[in-house]
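1. Provided below are the primary sequence and the corresponding predicted coordinates.
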2 protein chains.
Amino acid sequence: MAPPHLASPAFASLPHVVVVGGGFAGVAVARGLANQPVRVTIVDRHNFHTFLPLLYQVATAGLEPADVAYPIRTIFGHARNVGFRHGRVREVDEAENRVILDDGTDLAYDHLVVATGATASYFGIPGAREHALPLYSLADARRLRNRLLSSLEAADARADHDPVALTYVVVGGGPTGVETAGALAELIGIVLRRDGLRIDPASVRVVLVDLADRLLTAFPVSAGRYALRQLQLRGIDVRLGQSVVEVGPNVLRLASGEEITTTAVIWAAGVTATGTLAHHLNTAAGPAGRALVGPDLRCTSCENVWAVGDAAAIPAGSAVLPQLAPVAIQSGRHCAEQILRVLRGQPTEPFRYRNKGIMATIGRRAAVAKLPRGGVIRGTAGWASWLGLHLFYLVGFRNRLRVLINWTWRYFDWPSGPRLIVADAETVD
Amino acid sequence: MAPPHLASPAFASLPHVVVVGGGFAGVAVARGLANQPVRVTIVDRHNFHTFLPLLYQVATAGLEPADVAYPIRTIFGHARNVGFRHGRVREVDEAENRVILDDGTDLAYDHLVVATGATASYFGIPGAREHALPLYSLADARRLRNRLLSSLEAADARADHDPVALTYVVVGGGPTGVETAGALAELIGIVLRRDGLRIDPASVRVVLVDLADRLLTAFPVSAGRYALRQLQLRGIDVRLGQSVVEVGPNVLRLASGEEITTTAVIWAAGVTATGTLAHHLNTAAGPAGRALVGPDLRCTSCENVWAVGDAAAIPAGSAVLPQLAPVAIQSGRHCAEQILRVLRGQPTEPFRYRNKGIMATIGRRAAVAKLPRGGVIRGTAGWASWLGLHLFYLVGFRNRLRVLINWTWRYFDWPSGPRLIVADAETVD
């Protein structure tokens, strides 16, 4: 049944679903409710959806910010019952069924879906929050890119006076850390080869540090070994079994006592929902501040509050599901179905995650994928699947076209690229 | 003659030309010196060249920042004698033939070319500098875009509580003002029609204010009339013969005593070189802080200091040449030739500007061009020439391709567009 026209009184009387967060999970919820007999409002502090799996490409100047971001209003341009509110939710008043926004306005809801995602976790390591650069929003990616390119320019400018060594440290050996380290090595290679900077390539070092004794612990052992070999082939110094005890402005201290002098520390060590809205809901707490939900994705204490994606701790046997894009998308879709069931007076159904595998890319023609049944694809075939899948999931035909152009360009190493330092400081000029 | 290899001692002994500024003029100088027996260093506080004529399209969300910017190192990737230094020149020491940069380093030169352009001129109008938004750098354009889109989102958010009127004022009826007002009206039309904001179109107003009694005073009278009609057709309230006496945070005061309550004041009233490096050179001052140069583009007081483009006051009969992109490009090219002549011991030649006409676009299928002999092209033909010419002059094949895609998209009004609010405030999240 199509919903009544927006201007009709019948529309205003439809149940109102407020979705906080326009990431994979929030967008999946709203897509599931599009053109159904409900009113939906997505609230996000950004007016765009960010394709997080490609954020590291923005940070390493492979893609433009606009390639991985898409206006939320545009995504739902054809779903007249889905609206958008630009703002940040300060508080949920579960007793009164309303959310209060930062600008003091509020929104009453019949159902609330918390899809606020997660942020970088610093695990209480001194100095990490102050000095390390996380990679979890478009602003993070832009800041990191400015920092990387500016440090290369600054080294070039000092070359007449005082040649400097450049060391970039990536903390974290999961997919984000591995992908970022690989892309960073590629970026530095292109910049040094093409841009004529007066920097000795031998003085530039990329280090990847992880606590575990192997890379990609969510993948089979062979995939971790493959990633290690590929990173080393690209000149990256991989330090496994090393824990970080402190981060300073230009130094990283390891538990072994070793100090690494660094130009930038990129933080890809893990995420948390502590401090986000999910953490403040009136529900049982799951690991890392996530909101613990029942099998139907409802919060444990409230009939009409749901949590999905990275913000939710979704039970799976004795553990909870990992914070992955496919979990976010599937849980969002399931949540929308359950809200419609509740509104129709039907009982809810439990969420069942369909594992479609995971993948990580190290660089051109080098990627690994873990298939649902445990098999591994790697090398060029893994890379081609990675490319295709990421293009497929990017929102909007125009974004796909532009990403394809940018990737093709990069693949053939044409002497161009979005290596603009659009620094934040500039905006005060 | 090809220059000696970079690493050879002969290279270091070549005359060093320092070009301050990587805009149209600076890039033209360096292009003219590429692969000639000199060393060239372009100094710019941005690592990219900005295509200023399309900046208003970035401000009105028609193009992405990366569409109009191109890394300077990439432009000269194949000219081994052209280098780049990322930084800002603080001072010129003409006695010692060196420039001193903000980071304390210096560069010795044999010839210095000042191509630092101009900045917005506020004509001493109280509050204009503090409250109006200029449009003269990529950062300006991004800031203006964030302000425009954020104001629309904020109005939507307040719609439940307190419906607001939105008024955008453009100050200046030259090409920049006319183009910005036209594109702004198009942006608002698309946003309201496509994005489902709860804003009454009748409550949104675009006003263009100018001191003169007609638009586009550099064009024939008929072109100004055409632009006026086209802007009015797009619903823009054009107020001619009105001078601005004060700008407040949300108000614009006119000499007539009228006050216009505004959401944003866009400043396109004119430019000045006062306060820039050109203004501090040891040479006679031209109008608006520009460095007065001789017919060969050398500063009046110094044999080896040159000024080109918007930074220079280039004599043309009893007046000086206007600050236009073609003047910048031609003067840059001429300056390069004269430096080579001086180095070869030949006398310099005077600069002769070849007028190729000027153009301005008001919106889709509406533009005016003034031909060198005084004729006017307008309407669809003018617009098609405008499109073609701007594509032709954009640096880099990839940028052209992307701008073409973005324009095609906008022309057909597909429900997409780079309407991202990538606010500066975000970066502190």
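-> Looks like it came in fine.
2. quick check: buried residues in stretch A:71-81?
-> By neighbour count with 16 or more other CB atoms under 10 Å in any protein chain shown, stretch A:71-81 contains the buried residues A:71-77, A:79-81. No exception for glycine: its C-beta is placed from N, CA and C like everyone else's.
3. just stretch A:351-367 next, same as before
-> Across stretch A:351-367, burial judged by 16+ other CB under 10 Å covers A:351, A:357-364, A:366-367.
4. do the same with stretch A:284-300
-> Within stretch A:284-300, the residues that qualify as buried are A:285-286, A:288-294, A:296-300, counting by 16+ other CB under 10 Å.
5. what does it rub up against?
-> For stretch A:284-300, contacts defined as CB atoms under 8 Å, 6 or more residues apart in numbering or on different chains pick out A:114, A:118, A:121, A:271-276, A:278-279, A:281-283, A:301, A:304-308, A:310-315, A:320, A:331, A:334-335, A:338, A:348-351.
6. contacts only, for the residue sitting nearest the centre point of chain A.
-> Centroid-nearest residue in chain A: A:Leu52, 3.5 Å away (criterion: CA atoms, centre = their mean). A:Leu52 makes contact with A:23-24, A:136, A:325 under the criterion CB under 8 Å, 6+ apart.
7. next, count neighbours for A:Ala12.
-> 11 (other CB atoms under 10 Å in any protein chain shown).
8. need the phi and psi values for it.
-> Dihedral angles of A:Ala12 (phi, psi; degrees, to the nearest 10) stand at phi -60, psi -20.
9. list the contacts for it?
-> So A:Ala12 contacts A:Arg39 (CB under 8 Å, 6+ apart).
10. include distance to A:Gln57 and pLDDT when you put the buried residues of stretch A:71-81 into CSV, please.
-> As requested, the buried residues of stretch A:71-81 are exported to CSV (distance: CB to CB, whole Å; pLDDT from 0 to 100):
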residue, distance to A:Gln57, pLDDT
A:Pro71, 20, 90
A:Ile72, 21, 93
A:Arg73, 25, 92
A:Thr74, 21, 88
A:Ile75, 21, 90
A:Phe76, 26, 92
A:Gly77, 26, 84
A:Ala79, 29, 90
A:Arg80, 34, 88
A:Asn81, 34, 94
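11. from the residues you listed, which are also near chain B?
-> For chain B, the contacts drawn from those by CB under 8 Å from any CB of the partner chain are A:71, A:73-74, A:76-77, A:80.
12. and which of those is nearest to A:Leu391?
-> Nearest to A:Leu391 out of these is A:Thr74 (CB to CB; 18.5 Å).
13. so which of the buried residues of stretch A:351-367 sits lowest on pLDDT?
-> When the buried residues of stretch A:351-367 are compared on pLDDT, A:Arg364 comes out lowest, with 81.
14. nearest spatial neighbour of that residue, skipping sequence neighbours?
-> If the residues on either side of it in the chain are set aside, A:Arg364 comes closest to A:Tyr411, at 6.1 Å by CB to CB, 6 or more residues apart in numbering or on different chains.
15. quick check: which element contains A:Gln323?
-> Element membership for A:Gln323, per DSSP states H and E: none, as it lies in no helix or strand.
16. count the neighbours of it for me.
-> A:Gln323 has 21 neighbours, counted by other CB under 10 Å.
17. that one reaches A:Ala118, doesn't it?
-> Yes: applying CB atoms under 8 Å, one finds A:Gln323 in contact with A:Ala118, separated by 6.1 Å.
18. which residues do these two both contact?
-> A:271, A:310.
19. so stretch A:98-116, near chain B or not?
-> Yes: Stretch A:98-116 is in contact with chain B by CB under 8 Å from any CB, via A:101, A:103, A:105.
20. quick one: mean pLDDT over that stretch.
-> For stretch A:98-116, the mean confidence score works out to 95.
21. quick check: end-to-end length of it?
-> Using CA to CA, to the nearest Å, the end-to-end distance of stretch A:98-116 comes out at 16 Å.
22. what's the end-to-end length of stretch A:286-303?
-> Distance between the two ends of stretch A:286-303: 18 Å, counting by CA to CA.
23. what's the average pLDDT for it?
-> Throughout stretch A:286-303, pLDDT has a mean value of 92.
24. same check on stretch A:248-267?
-> If you average the pLDDT values across stretch A:248-267, you get 95.
25. would you put the C-alpha positions of it in PDB?
-> C-alpha atoms of stretch A:248-267 as PDB (Å, rounded to 0.1, in the frame of the first residue of the first chain):
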ATOM      1  CA  GLY A 248      53.400  11.500  21.900                       C
ATOM      2  CA  PRO A 249      53.300  14.300  19.400                       C
ATOM      3  CA  ASN A 250      56.100  12.700  17.300                       C
ATOM      4  CA  VAL A 251      56.800   9.500  19.000                       C
ATOM      5  CA  LEU A 252      55.200   6.000  19.600                       C
ATOM      6  CA  ARG A 253      56.300   4.000  22.600                       C
ATOM      7  CA  LEU A 254      56.100   0.200  22.500                       C
ATOM      8  CA  ALA A 255      55.800  -2.100  25.500                       C
ATOM      9  CA  SER A 256      59.300  -3.500  24.600                       C
ATOM     10  CA  GLY A 257      60.700   0.000  25.500                       C
ATOM     11  CA  GLU A 258      61.400   0.800  21.900                       C
ATOM     12  CA  GLU A 259      60.500   4.300  20.700                       C
ATOM     13  CA  ILE A 260      59.600   5.100  17.100                       C
ATOM     14  CA  THR A 261      60.000   8.700  16.000                       C
ATOM     15  CA  THR A 262      57.000   9.400  13.800                       C
ATOM     16  CA  THR A 263      55.600  12.000  11.400                       C
ATOM     17  CA  ALA A 264      52.100  10.700  11.900                       C
ATOM     18  CA  VAL A 265      50.400   7.900  13.800                       C
ATOM     19  CA  ILE A 266      47.300   6.500  12.000                       C
ATOM     20  CA  TRP A 267      44.900   4.800  14.400                       C
END
